[in-house]
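>>> got a predicted structure plus its sequence, pasted below:
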Amino acid sequence: MPPKSPSASRRPRTRPRGARVPGHERAHPAAGNDLTPVLGANLRRLRSRRNLSLEKLARLSGVSRAMLGQIELGQSAPTVNVLWKIGTALEVPFSALITSRPTASFHVMRADQAKRLASSDGAFVSRALFPFDEPRRVEFYELRLAAGAVERADAHAPGTTENLVVSAGQVEIEAAGARCALGPGDALVFQADVPHAYVNVGGGDAVLYLVMTYTEQVG
């Protein structure tokens, strides 16, 4: 803050009619109009992603429900102090609230540019079919398993489920002492918070698509 001039320091301190006490929530008069819709959309998205009501976020942040509602509707540009409170309550960096998200509706992941994870012998290959740019509860993979191959996986976090659909080949899934045979078009949902295995029992490569759902956000 720049130092006050001597003449300014002797002026009587006045407050415009209707002004709030410093430190209280208020709209920032210098905030650009372009920022308010970005703030509103980001706050609504981040709050919904954490399953927080306006009332609960108000309690966590110390910012009133009315102010939060105005921000989400793009009717108010809050002070930096208020934004810090909201970001702290949502456990996100300050930039997450004020950064515009890409407007394009497509996020293309080209097959020839994909990052693949393979077992040491190359018999099992996993390709992520989702972007890693933000926290998530769901992941989507393409799995390829060579003929006769077995891929064993450790238990995932408690509550994790796997939803598999077989695109090609014959496989068996082992989990919690049970085994399930699957062919092309067959789908399976199972609890993956126990050790499990993917077994190719066919004569050719098997292709599966896997959706993993976590109870807590990852990434």
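Looks like it came in fine.
>>> for the helix of greatest length in the chain, packing partners?
Scanning the chain for the helix with the most residues, using DSSP state H, yields helix 35-49. Packing contacts for helix 35-49, counted by 3 or more CB pairs under 8 Å, 6 or more residues apart in numbering; DSSP states H and E, involve helix 65-72, helix 80-90, helix 94-98. Placement of C-beta: from N, CA and C, glycine included.
>>> so for residue 177, which of those helices sits nearest?
Ranking these by proximity to residue 177 (CB to CB) places helix 80-90 first, at 41.6 Å.
>>> now do that closest one: everything it contacts.
Residues external to helix 80-90 that are found in contact with it (CB atoms under 8 Å, 6 or more residues apart in numbering): 23, 25, 28, 39, 43, 46-47, 50, 52, 57, 60-63, 67-68, 71, 78, 93-94, 96-98.
>>> mind checking which of the residues you listed are buried?
Buried members of the contacts of helix 80-90, scored by 16 or more other CB atoms under 10 Å, are 25, 39, 43, 46-47, 50, 52, 57, 60-61, 63, 67-68, 71, 78, 96-97.
>>> ok, back up a step: quick check: buried residues in the longest helix of the chain?
Buried, per 16+ other CB under 10 Å, within helix 35-49: 36, 38-40, 42-44, 46-47.
>>> tell me where the model's unsure across this structure.
1-34, 101-105, 132-135, 217-219 (pLDDT under 70).
>>> correct me if wrong: residue 142 contacts residue 129.
Yes. In terms of CB atoms under 8 Å, residue 142 counts as a neighbour of residue 129; the distance is 5.9 Å.
>>> any common contacting residues for these two?
Joint contacts of residue 142 and residue 129 (CB under 8 Å, 6+ apart) are residue 209.
>>> comparing the two, which shows the higher neighbour count?
More neighbours surround residue 142 than the other of residue 142 and residue 129, with 17 against 14 (other CB atoms under 10 Å).
>>> which SS state does that one fall under?
Following DSSP: H, G, I helix; E, B strand; the rest coil, we place residue 142 in the strand state.
>>> the nearest residue to it once chain neighbours are set aside: neighbour count?
Nearest non-adjacent residue to residue 142, counting by CB to CB, 6 or more residues apart in numbering: residue 127, 4.5 Å away. Using other CB under 10 Å, the number of residues around residue 127 comes to 16.
>>> list the contacts of stretch 113-133.
In contact with stretch 113-133 (CB under 8 Å, 6+ apart) are residues 107, 109, 136, 138-146, 149, 151, 198, 209, 219.
>>> any chance of a ChimeraX selection covering the buried ones in those?
Burial among those is assessed by 16+ other CB under 10 Å; the matching ChimeraX selection reads:
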select :136,139,141,142,143,144,145,146,149,151,198
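>>> which ones among the contacts of stretch 113-133 map onto strands?
Using DSSP state E, the members of those that fall within strands are 136, 138-145, 151, 198, 209.
>>> tell me how far residue 65 lies from residue 174.
50 Å (CB to CB, to the nearest Å).
>>> and if you look at residue 215?
23 Å.
>>> try residue 157
For residue 157, the distance to residue 174 - CB to CB - is 19 Å.
>>> repeat for residue 166
Separation of residue 166 from residue 174 (CB to CB): 15 Å.
>>> neighbour count: the two, which is higher?
For the pair residue 166 and residue 174, the greater number of neighbours falls to residue 166 (21 against 18), based on other CB under 10 Å.
>>> how is the chain carved up into domains?
23-98, 111-218 (automatic domain parsing).
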